[in-house]
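Colleague: Whatever this is, show me its structure:
(2 chains)
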Number of protein chains: 2
Amino acid sequence: MSGILFDKVRVVMVNTTEPGNIGAAARAMKNMCLSQLYLVNPQSYPCATATARASGADDVLFNATVCQSLKEALQGTHLVIGASVRQRNIKWKQMDVVGACEAIQKITSVGNQQVAVVFGTEKSGLTNEELDLCQILMSIPGNPDYCSLNVASAIQVFAYQNYIYNTTNEFAKSNKTTASFNELEDFYIHLKQVLEHIKYFEDKRPKALLMRRLRRFFNRAEPEKEEIAILRGILRNIKPFEK
Amino acid sequence: MSGILFDKVRVVMVNTTEPGNIGAAARAMKNMCLSQLYLVNPQSYPCATATARASGADDVLFNATVCQSLKEALQGTHLVIGASVRQRNIKWKQMDVVGACEAIQKITSVGNQQVAVVFGTEKSGLTNEELDLCQILMSIPGNPDYCSLNVASAIQVFAYQNYIYNTTNEFAKSNKTTASFNELEDFYIHLKQVLEHIKYFEDKRPKALLMRRLRRFFNRAEPEKEEIAILRGILRNIKPFEK
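Modeller: Reported below is the predicted structural model:
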């Protein structure tokens, strides 16, 4: 997964008033392998507050493209998606974030086609005139009684979902050495010998049933070779193994 | 979906230094129907900066529970998940955010069982001692070369994914009763007493390191209440518990 970069996806912030949000957006983008930040009439940029919040994502922040209008920021794109709370009465093509990521992937998988995802100003989001430039409205699912996310948080959610959508999240193969069948069986034999030695089974439920419970418990942890060695060491301190 | 509230899920912020992040976390939580915020030794709370960033999520912010220690914040929980970058060389049970949400759903679908998701301090995340109290490490997938999210952004991603997971997946009801945090901690104390009693630690690697290995091993099995009772029974047969 190293080296992945969604450089055909622009994040466009329109009329952002808080420079901290621009910095936080740059950080959120870099965290999720996005790099193309467009700023339409930012109230303050560059700005120390933004740089502080970018926290190392300086490259994304300082390479941002500043535009005079949203139209200018959309030049060369093939799909424009506007972030917005869900609209009830108008005829937008509306999607949640996963749907938007699917649409983005379809477009960007062809040639050098590019996509813009547009985020409006903090207080009021995108205006109707700005929404007019969008083909799709993307809404972030959540609390219907409190649905307005901070703009940088909305960008973080989109960036995360886009990353997840485009990567199979297989974790890097671990190189742990699992205990072998024989090591496990010897452990259970030793455990039983110790439990007999400390007179655990007396007055308790049947031995076979208890051993089964313990087996299931230990197996569930998928013991590594080294862990079984530690457990065997503990058992030996109570009673040596009898083969 | 209206009226949904994930009130069995605690978000625990440990040693947060920037009050703005606490406010942003409260907003992110409310956006995604989370309400239980726990603050362990916040540097500044309450604070006007936090209130401004909460932007209407005042209820979540002002109802936050302030604690002196992480252990205090975990009282009464049945699963503790620590947010962390992926660890390469140790034996944690590690999951991405979707996996963590699945584990949370399993626990919280039984009775009144509660879960904590723990986020460390801004500069350095959770310490090893704090991670020792976690059964699962949750890592947020993303850019391997720039993987540290802002803490409030990490909470936003978790909260979003938890909302999505629970509104699009069928509940897989589990009926097993998980051991509580307190039951697990008593088990580890008793285990340590027994290992000292049988002189296991002598001539072995440092006690703290061995206990950490054992904790990770047992935690990985996600012990049920009844299983911990069985293990305690075995320990009692070697040496009674000293409270």
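Colleague: Okay, the residue of chain A found nearest chain B and B:Glu222: tell me how far apart.
Modeller: Residue nearest to chain B within chain A (C-beta to the nearest C-beta): A:Ala221, separated by 3.8 Å. Using the backbone N, CA and C atoms, a C-beta is placed for each residue, glycine as well. Counting by C-beta to C-beta, to the nearest Å, the separation of A:Ala221 from B:Glu222 is 9 Å.
Colleague: Return the residues in contact with the spatially most central residue of chain A.
Modeller: Note on chain A: the residue nearest the mean C-alpha position is A:Tyr160, at 4.6 Å, using C-alpha atoms, centre = their mean. A:Tyr160 makes contacts with A:32, B:140-142, B:157, B:160-161, as judged by C-beta atoms under 8 Å, 6 or more residues apart in numbering or on different chains.
Colleague: can you check A:Ala57 too?
Modeller: By C-beta under 8 Å, 6+ apart, the neighbours of A:Ala57 are A:23, A:26-27, A:29-31, B:146.
Colleague: quick one: which of those is most hemmed in?
Modeller: Ranked by neighbour count (other C-beta atoms under 10 Å in any protein chain shown), the contacts of A:Ala57 have A:Ala26 at the top, with 31 neighbours.
Colleague: Confirm for me that it is in contact with A:Ala52.
Modeller: No - A:Ala26 is beyond contact range of A:Ala52, at 11.2 Å (criterion: C-beta atoms under 8 Å).
Colleague: A:Tyr38 and A:Val115 touch, don't they?
Modeller: No - contact criterion C-beta under 8 Å: A:Tyr38 and A:Val115 do not qualify, at 11.9 Å.
Colleague: Stretch A:38-58: how far from the chain's middle?
Modeller: Taking the mean of its C-alpha atoms, stretch A:38-58 sits 23 Å from the chain's own mean (C-alpha atoms, centre = their mean, to the nearest Å).
Colleague: mind listing what's buried in stretch A:48-61?
Modeller: A:49-51, A:53-55, A:57, A:60-61 (16 or more other C-beta atoms under 10 Å in any protein chain shown).
Colleague: State the pair within those that is farthest apart.
Modeller: Pairwise distances across the buried residues of stretch A:48-61 peak at 15.9 Å for A:Thr49 and A:Val60 (criterion: C-beta to C-beta).
Colleague: Number of residues surrounding the residue of chain A closest to chain B?
Modeller: 18.
Colleague: Give me the domain ranges for chain A.
Modeller: For chain A, the structural domains run A:9-166, A:181-238, going by automatic domain parsing.
Colleague: can I assume A:Glu11 sits in a helix?
Modeller: Residue A:11: Val, not Glu. No - using DSSP: H, G, I helix; E, B strand; the rest coil, the secondary structure at A:Val11 is strand, not a helix.
Colleague: Can you name the residues that contact it?
Modeller: A:25, A:29, A:34, A:36-38, A:116-117, A:119, A:155, A:158-159 are the contacts of A:Val11 under C-beta under 8 Å, 6+ apart.
Colleague: How many residues are close by the nearest residue to A:Lys239 once chain neighbours are set aside?
Modeller: Excluding its sequence neighbours, the residue lying closest to A:Lys239 (C-beta to C-beta, 6 or more residues apart in numbering or on different chains) is A:His197, at 4.4 Å. A:His197 has 15 neighbouring residues, counting by other C-beta under 10 Å.
Colleague: for A:Ser139, same thing?
Modeller: A:Ser139, neighbours per other C-beta under 10 Å, totals 20.
Colleague: Over to A:Tyr45?
Modeller: A:Tyr45, neighbours per other C-beta under 10 Å, totals 17.
Colleague: where does it fall, helix, sheet strand or coil?
Modeller: coil.
Colleague: Quick check: phi and psi at A:Gly233.
Modeller: Torsion angles at A:Gly233 (phi, psi; degrees, to the nearest 10) stand at phi -60, psi -40.
Colleague: Just to check, it is in contact with B:Lys199?
Modeller: No - the pair A:Gly233 and B:Lys199 fails to qualify as a contact (C-beta under 8 Å) at a distance of 11.7 Å.
Colleague: what are the C-alpha coordinates of stretch A:100-118, in PDB please?
Modeller: Taking C-alpha atoms only, stretch A:100-118 is exported to PDB below (Å, rounded to 0.1, in the frame of the first residue of the first chain):
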ATOM      1  CA  ALA A 100     -19.300   9.100  -3.700                       C
ATOM      2  CA  CYS A 101     -16.000   7.100  -3.500                       C
ATOM      3  CA  GLU A 102     -17.400   4.600  -5.900                       C
ATOM      4  CA  ALA A 103     -18.300   7.300  -8.400                       C
ATOM      5  CA  ILE A 104     -14.800   8.800  -7.900                       C
ATOM      6  CA  GLN A 105     -13.100   5.500  -8.600                       C
ATOM      7  CA  LYS A 106     -15.100   5.000 -11.800                       C
ATOM      8  CA  ILE A 107     -14.000   8.400 -13.200                       C
ATOM      9  CA  THR A 108     -10.400   8.400 -12.100                       C
ATOM     10  CA  SER A 109      -9.800   4.900 -13.300                       C
ATOM     11  CA  VAL A 110     -10.000   6.200 -16.900                       C
ATOM     12  CA  GLY A 111      -7.100   8.000 -18.400                       C
ATOM     13  CA  ASN A 112      -6.100  11.200 -16.600                       C
ATOM     14  CA  GLN A 113      -9.600  12.100 -15.600                       C
ATOM     15  CA  GLN A 114      -9.900  14.200 -12.400                       C
ATOM     16  CA  VAL A 115     -12.500  14.700  -9.700                       C
ATOM     17  CA  ALA A 116     -13.200  17.600  -7.300                       C
ATOM     18  CA  VAL A 117     -14.900  17.200  -3.900                       C
ATOM     19  CA  VAL A 118     -16.100  20.600  -2.800                       C
END
